[in-house]
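>>> okay, structure incoming, though there's no sequence with it:
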């Protein structure tokens, strides 16, 4: 992956660069699934956190849970959830926009004072497309897309996952895994808005692969 390709993964549609990793251990909670799917989703988040060298724990001392994953059928269901409007400002107009766009997923992040990720909310509307995706693949995709703050256009043209011939599920693309591990290198800042940060990521990837 070239420095330019790395930079593109964190350059937003407005032209700004922003890369952020989690600043605290991840404590996920999942709503709207049965126990079997719950195990799959939590397992995917744990696997990605371990790959990044980041910790996942049972409870956040401040927030209780800092990564909330919601599975549902219609966006309007979010308006019926107690206290969600307090956690997600302007929830009603957001839901209206997502309904109008016929979106099937959305992620919201909260940040520490230094810009590191403090909390994340993952919303998955199980339309016909997402319902056809194997649970393992869907969970892995969401785990990868919440382990870092990626550009809003990072995976529009190419998924972070790759399908293996003869297998139903998918695996993380090798170069994306390398990029995640580089971003979690302790020598790098937890959040960066200077595009030169991509050069440092490239250097860490080279060191790790040598």
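Okay, I see it. Note that the structure is predicted; figures quoted are calculated from it, not measured.
>>> which residues are in contact with the spatially most central residue of the chain?
By Cα atoms, centre = their mean, the chain has its centre lying nearest to residue 146, at 1.4 Å. Neighbour list for residue 146: 45, 67, 107, 120, 122 [criterion: Cβ atoms under 8 Å, 6 or more residues apart in numbering]. C-beta here means a position set from N, CA and C on the backbone, and glycine is covered the same way.
>>> how close does it get to residue 2?
Going from residue 146 to residue 2 by Cβ to Cβ, to the nearest Å gives 25 Å.
>>> show me the helices in the chain, by range?
3-8, 35-52, 84-87, 91-101, 128-131, 135-147, 174-183, 197-209 (DSSP state H).
>>> would you tell me which one of these is buried the most?
helix 135-147 (a mean of 22; mean count of other Cβ atoms under 10 Å).
>>> tell me how far it lies from the chain's centre.
Relative to its parent chain, helix 135-147 has a centroid offset of 7 Å by Cα atoms, centre = their mean, to the nearest Å.
>>> quick one, that helix and helix 35-52 angle?
Here the directions of helix 135-147 and helix 35-52 differ by 40 degrees (axes from the mean of the first three to the mean of the last three Cα atoms, to 10 degrees).
>>> quick one: mean pLDDT over helix 135-147.
The average pLDDT within helix 135-147 is 96.
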